[in-house]
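J.: Let's see this in three dimensions:
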Amino acid sequence: MPTKKISKNPLNKAAFVRGLPAATPAKEVVVQGKKQGISLTESYVYNVRGAAKKKRKGNAAKKLAASRSLAGAGSDWSSPSAPKHDLTVESLLLAVGAEIGLAQAVEVLRSERARVHAVLGG
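T.: Numbering: from 1, shown residues only. Purely as a prediction, here's the structure:
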């Protein structure tokens, strides 16, 4: 049965590279790794940084897609065919008016207009 090679350093190479600032030149990362007893190449540093960057972009894209799907979903969250809503100021105002009633929505707008006039001194 093959024996496992025991690492002299508990910190793995990729973690070491990711632990340094991205602005650190690859040559400097190799030198610092050598001081720590970690053998690295510049291309390895570029590969690790590229993979980390790709992962960050992927996570950001997933979060954006999730937020867009929640914002555009209708009342039925589980239906993929739920109508997508246009998130303009006007459409939001219409939605609020429909939700609280036209008379109450107009009253809210009037009170906000009066408050703005009072602040502006008009």
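J.: What residue spans form the domains of the protein?
T.: Structural domains of the chain, as assigned by automatic domain parsing, span the residue ranges 6-74, 85-122.
J.: looking at the ones you listed, which is buried most?
T.: Burial of the domains of the chain is given as mean neighbour count (mean count of other Cβ atoms under 10 Å); domain 6-74 ranks first at a mean of 12. C-betas here are computed from N, CA, C, even on glycine.
J.: ok, of the domains of the chain, where does mean pLDDT dip lowest?
T.: Within those, confidence is poorest for domain 6-74, with a mean of 80 (mean pLDDT).
J.: now it, how far from the centre of its chain.
T.: When distances are taken as Cα atoms, centre = their mean, to the nearest Å, domain 6-74 is centred 17 Å away from the chain's centroid.
J.: contacting residues around the nearest residue to residue 17 once chain neighbours are set aside?
T.: Counting by Cβ to Cβ, 6 or more residues apart in numbering, residue 17 lies nearest to residue 48, which is 4.3 Å off, once chain neighbours are set aside. Counting by Cβ atoms under 8 Å, 6 or more residues apart in numbering, residue 48 touches 13, 14, 17, 18.
J.: of those residues, closest to residue 107?
T.: Using Cβ to Cβ, residue 18 comes nearest to residue 107 of the contacts of residue 48, at 56.0 Å.
J.: name the element the spatially closest residue to that closest one that is not a sequence neighbour belongs to?
T.: Nearest non-adjacent residue to residue 18, counting by Cβ to Cβ, 6+ apart: residue 52, 5.7 Å away. With the criterion set as DSSP states H and E, the secondary-structure element containing residue 52 is helix 42-72.
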